[in-house]
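Model the following, please.
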Amino acid sequence: MKQVYLRKIVWIIVAVFFQFSIVSPCFSFSIGDEREVGEKLLYSVRSAFILKDDPDITQYVSKLGKDVLEVAGIQYFDYHFFVIDDKEFNAFAAPSGLIFFHSGLIGTMNSEDELVSVIAHEIGHIYKRHLASRVETGTYSGIASLGLALAAIAFGGATAPVLLTGALAAGQSVNLHFSRQNEEEADLLAYGWMKKLGRNPEGQVKMLESMRRISRYRSEKPPQYLLTHPDPEARLHYIQSLLDIDYASNAERISTNEDFEFIRFKYRILADVRDTDLFKNYLATVLADSRATPFSKSMAKYGLSQLAKNENDYVRSMELLLEVIAFFPDKNILKIDKGVIEFLSGKLVESEMTLRTALRIDTSDLYAAFTLAKLLSRTGRSAEAEQYFQTVSYQIPEYSQVYFELGQIAAKNNQSGLAALYLGKFDLYGGKLKLAEQSLRNALRDKTLSEKNKNEARMLLKKIELLNK
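Numbers count the residues shown, from 1 in each chain. Prediction:
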């Protein structure tokens, strides 16, 4: 209830963020403007939604995004990918390379190729600067009014009409939906990039079929994604025509992989979001279905294991996970899941052994590194824990929880200024700007804080100042 209330009033926060931005009679949307609007919108999203941004989720979706970017070529921005805990069928590419996926959209997907097709499509819009062109041909007088319209696209649901009304009251155009030409351009880019990646463009077809089905089912109140990405029927025919032309080469791309990584990613998200009863019933149905494949049943057990873990039923969670590990003995990530359950259930010796073994196999896994760091911190080995936390913060610098953990270590070591700096970063990347500002100012008052850390605190305070303009 609290979260719903927050979303209803978040347009006020957005309005404050954008209200005092530079306004000019003729608004040209530059690269610099995109960065400014994108950063402000990001902090609005952080304040209004729960981001599923733990290292496991972030590392997976970011890797897929980086794969697309490698074949897409030189970009204007550094891209960041986020998963939002929200049941709406929505995704959006915000200015400056920020791409958001609602859990409701991910829940409709059945393959990694579908997810990659959406990632590639959204990157296509940013690559072609479609949003910038819509802005420049509209009647926006400045970043303030644009911010309101963008927030309506981002938040969707019941909040969108309020935001759009606010933008209209200011006499601004809110026509930010993409044109058919925009959609064809983004679809064509996504299609070509998927071919370069050796992926099956049928993923685009499946995603567009889902969009068409949802469009028909919810014709009276289409979800936000279908308002900004219109005409799935025409887009579907366009991609199918490309597939027909490329039939021979696409036939070679049909994958026999049952998408373990994607289904695990999807089930981890669906087990963590609110209102999990439907998901639990779905998994039970899969297990009871005599036609379900052994793969599907094993992944259903994985989903139930994650649900049990979140309900603190660690015995049941481990029982199910061990069955999944027996089916997928070569999947190192499942060992990490096992180490996480062991850690949460208080079996710290077993957890440490499991996590260290997993890290020897894959030293780059940040999910294992972060969990092991928490374990080391809890058992008094702060120096080693700090090294792992710093690794995570370097790879995922906007992951707020890592700064909370680093702050705890600094506080235990009586480094009050450093603890305040970390607390400020924790609040900043959690979307709590006022609290972040207070902590950063407290950090600067500490005479023992190093000059390097003082400079970082000053830089972050300047960033907050810009965000509040």
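
Gly380 in helix, strand or coil?
At Gly380 the chain is in coil, as set by DSSP: H, G, I helix; E, B strand; the rest coil.

For the one helix or strand Leu406 maps to, name the packing helices and strands.
Using DSSP states H and E, Leu406 sits within helix 400-412. If you count contacts as 3 or more CB pairs under 8 Å, 6 or more residues apart in numbering; DSSP states H and E, helix 400-412 packs onto helix 366-378, helix 382-395, helix 416-428. Every C-beta, even on glycine, is put in place using the N, C-alpha and C of the backbone.

ok and the first one relative to helix 400-412, angle-wise?
Interaxial angle of helix 366-378 relative to helix 400-412 (axes from the mean of the first three to the mean of the last three CA atoms, to 10 degrees): 20 degrees.

Just the buried positions in helix 366-378, please.
Buried residues in helix 366-378, counted by 16 or more other CB atoms under 10 Å: Leu366, Tyr367, Ala368, Ala369, Phe370, Thr371, Leu372, Ala373, Lys374, Leu375, Leu376, Ser377.

If we only consider those, which is nearest to Gly32?
Nearest to Gly32, judged by CB to CB, of the buried residues of helix 366-378 is Leu366 at 31.5 Å.

these two touch, right, that closest one and Ile396?
Yes. Between Leu366 and Ile396 there is a contact at 6.6 Å, judged by CB atoms under 8 Å.

Roughly how far does the most centrally placed residue in the chain sit from Ala91?
Geometric centre of the chain, nearest residue: Phe82, 1.6 Å, by CA atoms, centre = their mean. Distance of Phe82 to Ala91, given as CB to CB, to the nearest Å: 10 Å.

before we move on, the earlier item: and the residue nearest to the centre of the chain, what does it touch?
Val45, Leu51, Asp53, Leu98, Ile99, Phe100, Phe101 (CB atoms under 8 Å, 6 or more residues apart in numbering).

Can you lay out those residues as TSV showing secondary structure?
Output for the contacts of Phe82, formatted as TSV (three-state DSSP):
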residue	secondary structure
Val45	helix
Leu51	strand
Asp53	coil
Leu98	strand
Ile99	strand
Phe100	strand
Phe101	strand
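
Spell out which residues are contacts of both of Leu366 and Ile396.
The contact sets of Leu366 and Ile396 overlap at Pro55, Thr58, Gln59 (CB under 8 Å, 6+ apart).

Which one of these sits in the busiest neighbourhood?
Ranked by neighbour count (other CB atoms under 10 Å), the shared contacts of Leu366 and Ile396 have Thr58 at the top, with 22 neighbours.

Surely it is within a helix?
Yes. Thr58: assigned to a helix according to three-state DSSP.

Now do the same contact list for it.
Thr58 makes contacts with Phe81, Val83, Leu366, Ile396, Tyr399, as judged by CB under 8 Å, 6+ apart.

how close does the third one sit to Met194?
Which is Leu366. 27 Å.

With Gln387 instead?
Separation of Gln387 from Met194 (CB to CB): 39 Å.

any weak-confidence spans in the stretch 251-400 of the chain?
251-257 (pLDDT under 70).

what about the helices in it?
Using DSSP state H, counting those that start in this stretch, the helices of the stretch 251-400 of the chain run over 260-272, 277-288, 294-310, 314-327, 332-344, 348-361, 366-378, 382-395, 400-412.

which one of the ones you listed lies closest to Pro232?
With respect to Pro232, and counting by CB to CB, the nearest of those is helix 260-272 at 21.3 Å.

Kindly calculate the angle that that closest one makes with helix 277-288.
Using the same axes, to 10 degrees: helix 260-272 against helix 277-288 is 130 degrees.

can you dump the C-alpha coordinates of helix 260-272 into CSV?
What follows is helix 260-272, C-alpha atoms only, in CSV (Å, rounded to 0.1, in the frame of the first residue of the first chain):
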residue,chain,number,x,y,z
PHE,A,260,18.6,-22.6,-18.6
GLU,A,261,20.2,-19.2,-17.9
PHE,A,262,17.1,-17.2,-19.0
ILE,A,263,14.6,-19.4,-17.2
ARG,A,264,16.6,-19.2,-14.0
PHE,A,265,16.8,-15.4,-14.4
LYS,A,266,13.1,-15.2,-15.0
TYR,A,267,12.2,-17.5,-12.1
ARG,A,268,14.5,-15.6,-9.7
ILE,A,269,12.7,-12.4,-10.6
LEU,A,270,9.2,-13.8,-10.3
ALA,A,271,10.0,-15.5,-7.0
ASP,A,272,11.2,-12.1,-5.6
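
Now do it: which elements does it pack against?
Judged by 3+ CB pairs under 8 Å, 6+ apart, helix 260-272 is in contact with helix 55-72, helix 103-106, helix 112-127, helix 294-310.

and those as CSV, adding distance to Tyr238?
Listed next are the helices and strands packed on helix 260-272 as CSV, based on distance: least, CB to CB, whole Å:
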stretch, distance to Tyr238
helix 55-72, 20
helix 103-106, 21
helix 112-127, 12
helix 294-310, 32
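
Make TSV from the contacts of Phe82 and add distance to Arg445 to it.
Below are those laid out as TSV (distance: CB to CB, whole Å):
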residue	distance to Arg445
Val45	31
Leu51	31
Asp53	30
Leu98	33
Ile99	38
Phe100	36
Phe101	40
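
which of the residues you listed count as buried?
With neighbours counted by 16+ other CB under 10 Å, these contain buried members at Val45, Leu51, Asp53, Leu98, Ile99, Phe100, Phe101.

Closest one of those to Val205?
Closest approach to Val205 among these (CB to CB): Phe101, at 19.2 Å.
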